[in-house]
Each structure stands twice: as structure tokens, then as C-alpha cells.
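1. next come a sequence and a model predicted from it.
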Amino acid sequence: MEILPVPVAPAATLPASLERAKAYAGASRSERTLKAYASAFTVFVTWCRGAGVNSMPADPLAVAAYVAHLADTGRKPATIDLHVAAIAAAHRAAGFDNPVAAEAVKATIRGARRALGTRQTRKAPATAEALRKMLRKIPDSPAGLRDRALILLGFAAALRRSELVALDVADLERVPDGIIVHVHRSKTDQEGAGQEIAVPRGAKLKPCEALDAWLKVAGITAGPVFRSVGKGGAVSAERLTDRSVADIVKRHAAAAGLDASLFSGHSLRAGFVTSALAAGADVLKVMHVTRHTAVTTLQKYDRRARAFDDHAGKRFL
């Protein structure tokens, strides 16, 4: 087999090549992750200035002290993990040794986890039953039709809120049985290979019908599917933000008499999983919709959905 020589770049182009390498490395993470890392690392830099220590390259003992500071000021374990990951990523990108790998830092993180506990506060799933309560209170105004479509499509396709607001009309493929939603990039598809999710027409919640009603009243034939709506019902060309999804879910949960503080944008995705498993759907079929890559990820939803099935105390409680 003939081995072709690899062309050697002129020395003058090496700095530019290194910059491109950094750009590609950055592209391996989602935009949301990069923003979170940048924000967390900025906080670390500020703390280092106040403590009179270097932030880059950082001494492992300084990082350990910073972790202790985060724990002492009441930061949650997940927040500490984010800050530590940001410090590690910044050092790797700059070509420095990763201070987080030092045992002093690891031991401090373990101690903080034990002291703070690692249980996460999970939001309530917006199940099919909860959605029916919400939908009954949503008006038929342009904003109401948008919210109805957003809630039902987010639920039926088990979309993350960033995926939901990123949808364009061109991403909706009409088929006889419903709609195929094309997601170009997601948390589990950072390389942008693309994923397809089937959304049936439905006989009860009817997500496709709700989507068509919104697109028709808004006169949307191209571009962003979910947009801002003015007080007078004027539809903007601007795409909703992912934060808008959480606000919409919370607002309609409250209108339905539910505790809005228990819901978030993720509640739609979690609600589909919980409802599907409670209805006896096959786990692999659920994964076709959610695009989870490991069955174990769904176990927490399955435990909730089947918490009272064949309960150990059923015969005597």
C-alpha cells in the first residue's frame, strides 16, 4: 500500500494553524457549555486576583482552596463540578498541565461532596395528565396558540428546550402519520450528524394539529417556528430563547392550579418519558424518541412511573 507523505506547513503558517486547532477544539463543545465555562472561569480569575494567586497556570493548592471557598459559600455540588471542569478545560486549551488532576484538588472535591450531599433537586415532569390541565386554560389568542403548540411539540418529541426553540419550518417533514422533526444538533449529537423524531398526529393531545394552528394564525411559512408575540398579537421574526420555554411552562402550570416552582423547560421532556413508561411503552421505543444512548439514564423515570406497581406493602398497608 502506498503511503503518501503529509505536506509540512511552512513555519509562518503554524500560528494560524494552532489558532484553527483551538477553534475546532472549542467546537467540540456546545455553545451553551462554552458560555457556562467562560462564565465560571471568569469567577475563578476574579477570586484568584483577590487571593493574590495566579489563575493561569493555577497551582493545584489554589484550586483546592477555591473549591473549599465554593463549598463554604453554599454552592451546590453540580455548580462546583462546573467550575472545576471550566478550570480544567481552560488549562488544557492553553497547553498547561491540568491542576484539577492533582490529588489535593480531587480530595477537596470528594470532601465537599460528602459535606454538601449530591442529591439534585429535580423538577416535576409535565405528564400527559398535567398537560391536559394546562391546555384547558390556554386561550385561543396568537400567543396562546403558540404556547399550546410549543408545549405539545416539546412534549411529543421529548425535545430539550434548546432544540425546541432552534426549530425552523424546514425542519418539519410532513408524512401521512404525522411529522418527522429533524434536530440538527443536540446534547447527544455534538458533531451535527442529525437526528429524526417521529411525532404522531395523536387522537387525544393532537400535537400536529396544534402546530398547524399556530403556523397558520402566525402566517409562518419559513424560518423560526416559535417566535415572540407582541401584546397586540403581532408575530415577530425573532426566535424565542430557551429561557422562554421554561417561562411558558411555568405560566401555564400556574394558570392550571399547579405549583409553577416545580416545573421547568425540562419538564416537557421528562413528562414524555414518565408518561410513556407509565403507559407500559417499551424502553427502547422511548429511547427512539428521547435519543438517550443508555437505558440506565431512563431508570430514574421508570422508578417514578412505576413507584406503586406491585408495591412491597400493597397487601398490608
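-> Cool, got the structure. Numbering: from 1, shown residues only.

2. can you show me the strands along the protein?
-> With DSSP state E, the ranges of strands along the chain come out as 172-175, 178-183, 195-200, 227-229, 235-239.

3. would you turn these into JSON lines with mean pLDDT?
-> As requested, the strands of the chain are exported to JSON lines (pLDDT from 0 to 100):
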{"stretch": "strand 172-175", "mean pLDDT": "94"}
{"stretch": "strand 178-183", "mean pLDDT": "93"}
{"stretch": "strand 195-200", "mean pLDDT": "90"}
{"stretch": "strand 227-229", "mean pLDDT": "94"}
{"stretch": "strand 235-239", "mean pLDDT": "92"}
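
4. could I get those strands as CSV with mean neighbour count and distance to residue 60?
-> From N, CA and C alone the C-beta is placed, and that goes for glycine too. Formatted as CSV, those follow (neighbours: other C-beta atoms under 10 Å; distance: least, C-beta to C-beta, whole Å):
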stretch, mean neighbour count, distance to residue 60
strand 172-175, 12, 50
strand 178-183, 19, 40
strand 195-200, 16, 40
strand 227-229, 18, 47
strand 235-239, 13, 43
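
5. turn the ones you listed into TSV, columns for distance to residue 94.
-> Output for the strands of the chain, formatted as TSV (distance: least, C-beta to C-beta, whole Å):
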stretch	distance to residue 94
strand 172-175	42
strand 178-183	33
strand 195-200	33
strand 227-229	39
strand 235-239	34
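
6. and of those, who's closest to residue 218?
-> Nearest to residue 218 among the strands of the chain is strand 235-239 (4.4 Å), distances taken as C-beta to C-beta.

7. which other residues reach the closest one?
-> Contacting residues not belonging to strand 235-239 are listed as 142, 165-166, 218-220, 223-224, 226-230 [C-beta atoms under 8 Å, 6 or more residues apart in numbering].

8. ok, residue 43 to residue 66 distance?
-> Computed as C-beta to C-beta, to the nearest Å, the residue 43 to residue 66 distance reads 9 Å.

9. can you tell me the closest non-neighbouring residue to residue 272?
-> Leaving aside its chain neighbours, residue 272 sits nearest to residue 158 (4.2 Å; criterion: C-beta to C-beta, 6 or more residues apart in numbering).

10. number of residues surrounding the one you found?
-> By other C-beta atoms under 10 Å, 23 other residues sit near residue 158.

11. pretty sure it contacts residue 273?
-> Yes: shown here, residue 158 and residue 273 form a contact pair, counting by C-beta atoms under 8 Å, at 6.6 Å.

12. for the buried ones among the contacts of strand 235-239, write the corresponding PyMOL selection.
-> Buried residues among these (16 or more other C-beta atoms under 10 Å), as a PyMOL selection:
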select buried, resi 142+165+166+218+220+224+226+227+228+229
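
13. and which of the contacts of strand 235-239 is nearest to residue 282?
-> Residue 282 has its nearest neighbour among the contacts of strand 235-239 in residue 166, at 28.5 Å by C-beta to C-beta.
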